[in-house]
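Asker: Attaching a predicted model along with its sequence, questions to come.
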2 protein chains.
Amino acid sequence: MKLYSKKARESKKRIGFVPTMGYLHEGHLSLIRSARKENDIVVVSIFVNPTQFGPKEDLSRYPRDIRRDKKMCVSAGVDVIFIPSAEEMYPRDYQIYVNLEGNLSNKLCAKSRPGHFRGVATIVTKLFNIISPSISYFGSKDAQQAIIIKRLIADFNMDTIIKIMPIVREKDGLAMSSRNVYLSPKERKDALGISKALKESSMMIKNGNLNSKEIKFHINSLLNKRDSLKIDYVEIVSAETLESIDKIQKNTLIAIACFAGKTRLIDNLWIH
Amino acid sequence: MKLYSKKARESKKRIGFVPTMGYLHEGHLSLIRSARKENDIVVVSIFVNPTQFGPKEDLSRYPRDIRRDKKMCVSAGVDVIFIPSAEEMYPRDYQIYVNLEGNLSNKLCAKSRPGHFRGVATIVTKLFNIISPSISYFGSKDAQQAIIIKRLIADFNMDTIIKIMPIVREKDGLAMSSRNVYLSPKERKDALGISKALKESSMMIKNGNLNSKEIKFHINSLLNKRDSLKIDYVEIVSAETLESIDKIQKNTLIAIACFAGKTRLIDNLWIH
């Protein structure tokens, strides 16, 4: 399975790659637009990767609409849409995985979703090898994912670049996610608390409060006011090591994961 | 860290790659000669990879002679000798590894050397990404390694080919290995029992005995006669799955691992 790489690389074309799980939204489109601007060939993959879902997670009900996705890709000027099957990517005797051993793999989402980043790192390694991108585009909503893929590229000496693009939000502030479609009207309303808490954190920081404990306390109290939200974590960490930090500084990540009903939502504020 | 790949690939040159841990012998040279014949550029890496050694193994005393290795490479027409340091390959915050989960990782040498193939698969992934070989050459003495790397290439969709080359032996039959230098004269003599046992197995098979149990029994009794040998395993398995098989057939591997004193030796007979 080899798409463009050798031929395109030999002809010195730049390949821009946007890996997705489909059910595209404005967040994906913003990545595709950047890829289109900066490359000769744009490849989008659509693959709901089973190895990154836990046994009790939403693999089977993850929203899918390939027909709409294709249309959106075509409109956005995508050259190649790669839609492999699970059987192609993981044949019956499949047995090799990328494992994270360290800080990145026992904090934040890695703690709540054991095995999730093993699945992510494995599929990204496979997709990079198939597509051989010059530049890949990832959204910063999945901040830990972006940090891990940066590390994957460095540790495995991969010859590719990643760009981590800003979070795209609904008009009212909710971070765009394919999973937002799961939300009931009440959950959808309460979910706004997440982006609101981040916005208020940003204000606190701008006003000179750099105390992680106080900011976390404020976020937690805001989230707890919304009945349908159940906090998974609220963390303030170094965006390099994911270690907790006491005082906000450059390259700090304020990361939130919440359940709204059964739907797990994440959002973050990346202080650059 | 990127050696030749992009530039050479873009110019459509074939890159032949021979990864080694140095202390080169005729076995390595046979790989290099094949690489030289079949490629435009030949790259040899010399790296005693710490992650494939167990805590009680011979990492620190593994034989090294870089000056002699370089001379041998130059004589054999190698274009690039890649000799990274351990710190370059595994910087302090290194944390991503290739893990095997399945048959290949709990049989034969994987059972005796926990973590060994995690180290092998990780370093090979890194070297492949750095060197971007068209064809890599591996010796079949390390049969399980060769089988695992084939699987690694398939599972990770790597755009490269491997060739598994025949075992090169000393005149008296001992499979060449950098570790043979450890052997005392008595151990060196007893070690011959290994290749002799494989030769006799081959005769038994040629004479129509396809019974694994009988062949294993014969090998064990031959090896047990040599005082300095301590059997680690004698296995007859499918060269695809490494599952034990009762009756010798196509693509069967007869694999032996023995300690001669403190030195672990392996050898095998690959029935194609």
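Answerer: On my side now, so go ahead. Numbering: from 1, shown residues only, chains lettered A, B, ... in the order given.

Asker: what residues does stretch A:110-124 touch?
Answerer: Outside stretch A:110-124, the residues that touch it by C-beta atoms under 8 Å, 6 or more residues apart in numbering or on different chains are A:19, A:47, A:49-54, A:57, A:89, A:96-100, A:104-105, A:109, A:144-145, A:148-149, A:152, A:232-233, A:257, A:264, B:96. C-betas here are computed from N, CA, C, even on glycine.

Asker: do the same with stretch A:223-239
Answerer: A:107-108, A:111-112, A:143, A:147, A:184, A:186-187, A:190-191, A:193-194, A:197, A:212, A:215-216, A:219-220, A:243-245, A:248, A:251-261, A:264, A:270.

Asker: in it, what's buried?
Answerer: A:Leu223, A:Arg226, A:Ser228, A:Leu229, A:Asp232, A:Val234, A:Glu235, A:Ile236, A:Val237, A:Ser238, A:Ala239 (16 or more other C-beta atoms under 10 Å in any protein chain shown).

Asker: Looking at the contacts of stretch A:223-239, which are in strands?
Answerer: The strands, defined by DSSP state E, take in A:Thr252, A:Leu253, A:Ile254, A:Ala255, A:Ile256, A:Ala257, A:Cys258, A:Phe259, A:Ala260, A:Arg264, A:Trp270 from the contacts of stretch A:223-239.

Asker: and which of these is nearest chain B?
Answerer: Using C-beta to the nearest C-beta, A:Leu253 is the member of the ones in strands among the contacts of stretch A:223-239 that lies nearest chain B, at 17.0 Å.

Asker: And for the closest residue to chain B within the stretch 101-250 of chain A, nearest residue in space, chain neighbours not counted?
Answerer: Nearest residue of the stretch 101-250 of chain A to chain B: A:Gly102, at 3.3 Å (C-beta to the nearest C-beta). Nearest non-adjacent residue to A:Gly102, counting by C-beta to C-beta, 6 or more residues apart in numbering or on different chains: B:Gln95, 3.3 Å away.

Asker: Next, count neighbours for the one you found.
Answerer: By other C-beta atoms under 10 Å in any protein chain shown, the residues close to B:Gln95 number 18.

Asker: who are the neighbours in contact with it?
Answerer: Listed by C-beta under 8 Å, 6+ apart, the contact set of B:Gln95 reads A:Leu100, A:Glu101, A:Gly102, A:Asn103, A:Leu104, A:Ser105, A:Arg151, A:Asp155.

Asker: Give me the buried entries from those.
Answerer: Neighbour counting with 16+ other C-beta under 10 Å marks A:Leu100, A:Gly102, A:Asn103, A:Leu104, A:Ser105, A:Arg151, A:Asp155 as buried within these.

Asker: any idea which of the residues you listed is least confident?
Answerer: Scanning the buried ones among the contacts of B:Gln95 for pLDDT, the smallest score is found at A:Asn103, 84.

Asker: Now intersect the buried residues of stretch A:223-239 with the strands, please.
Answerer: If you go by DSSP E, the buried residues of stretch A:223-239 have A:Leu229, A:Asp232, A:Val234, A:Glu235, A:Ile236, A:Val237, A:Ser238 in strands.

Asker: Bridged to the third one, which residues?
Answerer: Beta-bridge partners of A:Val234, counted by DSSP bridges, are A:Ile256.

Asker: likewise the last one?
Answerer: Applying DSSP bridges to A:Ser238 yields these beta-bridge partners: A:Thr252.

Asker: Give me the distance between it and B:Ile194.
Answerer: The gap separating A:Ser238 from B:Ile194 is 53 Å, by C-beta to C-beta, to the nearest Å.

Asker: And for the second one?
Answerer: In this view, A:Asp232 and B:Ile194 are 56 Å apart by C-beta to C-beta.

Asker: ditto for the fourth one
Answerer: A:Glu235 sits at a distance of 56 Å from B:Ile194 (criterion: C-beta to C-beta).

Asker: if we can go back for a sec, possible to save the contacts of B:Gln95 as TSV with distance to A:Arg64?
Answerer: Below are the contacts of B:Gln95 laid out as TSV (distance: C-beta to C-beta, whole Å):
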residue	distance to A:Arg64
A:Leu100	28
A:Glu101	33
A:Gly102	34
A:Asn103	34
A:Leu104	29
A:Ser105	28
A:Arg151	30
A:Asp155	32
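
Asker: among these, which are in helices?
Answerer: Here DSSP state H is the test, and these give A:Arg151, A:Asp155 as lying in helices.

Asker: Among the contacts of B:Gln95, name the ones in strands.
Answerer: Residues of the contacts of B:Gln95 located in strands (DSSP E): A:Leu100.

Asker: Let me know the closest of the contacts of B:Gln95 to A:Lys163.
Answerer: When the contacts of B:Gln95 are ranked by distance to A:Lys163 (C-beta to C-beta), A:Arg151 comes first, at 15.5 Å.

Asker: pretty sure the closest one contacts B:Pro91?
Answerer: No. Between A:Arg151 and B:Pro91 no contact is recorded; they are 10.9 Å apart, counting by C-beta atoms under 8 Å.

Asker: What are the buried residues along stretch A:205-222?
Answerer: Neighbour counts using 16+ other C-beta under 10 Å place A:Ile205, A:Ser212, A:Ile215, A:Lys216, A:His218, A:Ile219, A:Leu222 of stretch A:205-222 among the buried residues.

Asker: Just the pLDDT for the second one.
Answerer: To tie it back to what came earlier, the one meant is A:Ser212. According to the prediction, A:Ser212 has pLDDT 98.

Asker: Quick check: closest non-adjacent residue to it.
Answerer: Here the nearest residue to A:Ser212 in space, its sequence neighbours aside, is A:Ile236; by C-beta to C-beta, 6+ apart that works out to 4.1 Å.

Asker: what about the one you found, distance to A:Ala197?
Answerer: In terms of C-beta to C-beta, A:Ile236 sits 12 Å off from A:Ala197.

Asker: Likewise for A:Ser60?
Answerer: 31 Å.

Asker: do A:Ile41 as well
Answerer: Applying C-beta to C-beta to A:Ile41 and A:Ala197 gives a distance of 40 Å.

Asker: Looking at those two, which is more packed in?
Answerer: Counted by other C-beta under 10 Å, A:Ile41 and A:Ala197 do not tie: A:Ala197 has more neighbours, with 27 against 21.

Asker: For that one, give me its contacts.
Answerer: Taking C-beta under 8 Å, 6+ apart, one finds A:His218, A:Ile219, A:Leu222, A:Leu223, A:Ile256 in contact with A:Ala197.

Asker: Need the pLDDT of it.
Answerer: We have a pLDDT of 98 for A:Ala197.

Asker: how about stretch A:174-186: buried residues?
Answerer: A:Leu174, A:Ala175, A:Met176, A:Ser177, A:Ser178, A:Arg179, A:Asn180, A:Tyr182, A:Leu183.

Asker: how about the residues of chain A near chain B?
Answerer: Within chain A, the residues that sit near chain B (C-beta under 8 Å from any C-beta of the partner chain) are A:1-2, A:5-6, A:9-10, A:12, A:93-105, A:121, A:125-126, A:129-130, A:132, A:151-152, A:155-159, A:241.
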